[in-house]
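1. test case, fold it:
(chains A and B)
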2 protein chains.
Amino acid sequence: MRIARFEANGRISTGLVDGDSITPVDGDAFGDRRPSGAAVPLSSVRLLAPILPRQILAVALNYPSHLQDRPVSPRPEIFVKAQSCLSNPGDAIVLPATSEHVEYEGEMVVVIGKRCKKVSPDDALSYVFGVTCGNDVSARKWQRGDMQWFRGKSCDSFGPIGPWIVDGLDVANLNLSTRLNGEEVQRCNTSEMINSVRDTISFISQVTTLDMGDIIFMGTSGVPKQIKAGDTVDVEVEGVGVLSNPVIDDPIPSTWTDRR
Amino acid sequence: MRIARFEANGRISTGLVDGDSITPVDGDAFGDRRPSGAAVPLSSVRLLAPILPRQILAVALNYPSHLQDRPVSPRPEIFVKAQSCLSNPGDAIVLPATSEHVEYEGEMVVVIGKRCKKVSPDDALSYVFGVTCGNDVSARKWQRGDMQWFRGKSCDSFGPIGPWIVDGLDVANLNLSTRLNGEEVQRCNTSEMINSVRDTISFISQVTTLDMGDIIFMGTSGVPKQIKAGDTVDVEVEGVGVLSNPVIDDPIPSTWTDRR
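-> Take a look at the predicted model:
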């Protein structure tokens, strides 16, 4: 099932996608999903982030090809992205004026379906609602220079997800690829992840209650490239679809000056 | 005005506190606040975190006395606490079984009242709704050993706030004190902050939209002490009141084992 959120005629709805059409349903992604109207062409609606997560967590350094000379941690290395970085399929990734060097990170994103705390790895997958595509956009200079990754990972527009959530996939074996202006720049399979979805959910849930609608960015592979205004980044997860976002420079000047 | 959230007879309401009584009002803290019932004794209700924030941001190293040998940054050093760490006045701070060393951090917490992006320091205070007390509970071993501060700062119960929000205070000149089992262990004034509220809001809003109900932990002073099961931590901000939380050991065993 492909579960989307969309806007049409000024109204935001949840919908089920089938081929090139979308059928609006009652409630949100976790509701009964009973049809509430006629199917319309996908091309006639504006897709939104398929969920409004309560919180956005992410796994760092989760593919061997992304580690370079860094050691493998004995546990998932988790960070939090501010909820306000969430953005929609097709929305512009906005490069802050003073960030200098921003990169894409194509990732599989897991959507939690049920509240859980201290689940074992063996039980963890039963709390997964589905997966979508995500771009964990990263301002590298800030990520390296600031004490924590707030500006590096949580700028507005740095968390696009979509185009919809798909349930029932084998999250431990999905191809993932990223294209920059149509050219493939990342290719991997989620089986390469150092921390599987089950281990990551179990680990997080030891100390933090995960709840319906929380999302987890599962990490990126390889060495991502810089993005610049005019670029388009496509993230594709097998069985899900393609999340596509253009890149622009922030048109609004800053009103902050660092202290000397 | 003292604006609280409380539970009484199984119902959660917003209320205005006057002396030892609380009057329920319509809507949330940002609503019309028209009385919706008779005043009842404060002692007859259970106070809750005065707001359910969309997101929780925090400033690191914001008092000279907390810096020790660390340099002053030319800008606020911001981190994100997972929304799920929020907890209520009186709720137990739960020490995770494997965290080893946990400390209190008594702080002033700012509540944002209006959406803002790229506000100048001069305009920033007009977006403040009010302030409350907070305890930025920190698991130091995890904070130092993990790549990011997720486990160090975002465990369930690591973000108590309250007892209520007070508006109209001079946030740049409030005494703040913390007591551990009745003994004063922190005393400072918010005028000592390296990054004022106005600078911090301006800085964050350059890259991240702040919205109504977002909260910012403004940092702690001095060298906090370890807390253990059986302790009680009180955080008092001048003109607000006292946030008090007992400390317990996590009674539930872990279901996670680090890889070797």
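2. can you tell me which residues contact the closest residue to A:Asp214 other than its chain neighbours?
-> In this structure, A:Asp214 finds its nearest non-sequential neighbour in A:Ile112, 4.4 Å apart by Cβ to Cβ, 6 or more residues apart in numbering or on different chains. C-beta: built from backbone N, CA, C; applies to glycine. A:Ile112 makes contacts with A:Tyr127, A:Val128, A:Phe129, A:Ile201, A:Leu210, A:Asp211, A:Met212, A:Gly213, A:Asp214, A:Ile215, A:Ile216, as judged by Cβ atoms under 8 Å, 6 or more residues apart in numbering or on different chains.
3. cutoff 6 Å now
-> A:Tyr127, A:Leu210, A:Asp214 (Cβ atoms under 6 Å, 6 or more residues apart in numbering or on different chains).
4. quickly list what it is bridged to.
-> A:Val128 (DSSP bridges).
5. just A:Leu210 next, same as before
-> Bridge pairing for A:Leu210 - DSSP bridges - gives A:Cys116.
6. same question, the one 5 residues further on
-> For A:Ile215, the beta-bridge partners are A:Ile56, A:Val111 (DSSP bridges).
7. what residues of the longest helix anywhere in chain A count as buried?
-> Secondary structure of chain A per DSSP state H: the longest helix is helix A:197-207. By neighbour count with 16 or more other Cβ atoms under 10 Å in any protein chain shown, helix A:197-207 contains the buried residues A:Val197, A:Arg198, A:Asp199, A:Thr200, A:Ile201, A:Ser202, A:Phe203, A:Ile204, A:Ser205, A:Gln206, A:Val207.
8. and the helices in the stretch 1-150 of chain A?
-> Using DSSP state H, counting those that start in this stretch, the helices of the stretch 1-150 of chain A run over A:64-67, A:121-124, A:140-145, A:150-153.
9. quick one: A:Asn245 from A:Gly162, how far?
-> 9 Å (Cβ to Cβ, to the nearest Å).
10. neighbour count winner among the two?
-> A:Gly162 (29 against 24; other Cβ atoms under 10 Å in any protein chain shown).
11. can you tell me the element that one falls in?
-> Per DSSP states H and E: A:Gly162 is located in strand A:159-166.
12. so how far is that strand off the chain centroid?
-> 6 Å (Cα atoms, centre = their mean, to the nearest Å).
13. direction included, what does it pair up with?
-> strand A:2-8 (antiparallel), strand A:86-87 (parallel), strand A:128-135 (antiparallel).
14. want to throw those into JSON lines with mean neighbour count and mean pLDDT?
-> As requested, the strands paired with strand A:159-166 are arranged in JSON lines below (neighbours: other Cβ atoms under 10 Å in any protein chain shown; pLDDT from 0 to 100):
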{"stretch": "strand A:2-8", "mean neighbour count": "21", "mean pLDDT": "97"}
{"stretch": "strand A:86-87", "mean neighbour count": "22", "mean pLDDT": "98"}
{"stretch": "strand A:128-135", "mean neighbour count": "25", "mean pLDDT": "98"}
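15. including distance to B:Arg70, could those go into CSV?
-> Formatted as CSV, the strands paired with strand A:159-166 follow (distance: least, Cβ to Cβ, whole Å):
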stretch, distance to B:Arg70
strand A:2-8, 44
strand A:86-87, 33
strand A:128-135, 33
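16. nearest to B:His66, out of these?
-> strand A:86-87 (32.0 Å; Cβ to Cβ).
17. return the residues of the stretch 51-200 of chain A in contact with chain B.
-> A:54-55, A:60, A:74-75, A:77-80, A:82-84, A:96, A:118, A:120, A:147-148, A:150-151, A:154-156 (Cβ under 6 Å from any Cβ of the partner chain).
18. could you find the closest non-adjacent residue to A:Ile227?
-> A:Val247 is the one closest to A:Ile227 (Cβ to Cβ, 6+ apart), at 4.9 Å.
19. ah, wrong one, I meant A:Glu100
-> In space, A:Glu100 is closest to A:Lys141, 4.8 Å off (Cβ to Cβ, 6+ apart).
20. surely A:Ser221 and A:Leu67 touch.
-> No. A:Ser221 is not in contact with A:Leu67 according to Cβ atoms under 6 Å; the separation is 10.0 Å.
21. neighbour count: those two, which is higher?
-> Using other Cβ under 10 Å as the criterion, A:Ser221 and A:Leu67 rank with A:Ser221 on top: 23 against 13.
22. how about that one, phi and psi?
-> Main-chain dihedrals, A:Ser221, degrees, to the nearest 10: phi -110, psi 160.
23. circling back to that earlier point, could the buried residues of helix A:197-207 go into TSV alongside pLDDT?
-> TSV is the format used below for the buried residues of helix A:197-207 (pLDDT from 0 to 100):
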residue	pLDDT
A:Val197	98
A:Arg198	98
A:Asp199	98
A:Thr200	98
A:Ile201	98
A:Ser202	98
A:Phe203	98
A:Ile204	98
A:Ser205	98
A:Gln206	97
A:Val207	96
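24. I figured A:Asp249 hits A:Leu95, correct?
-> Yes. Using Cβ under 6 Å, A:Asp249 is in contact with A:Leu95, at 5.3 Å.
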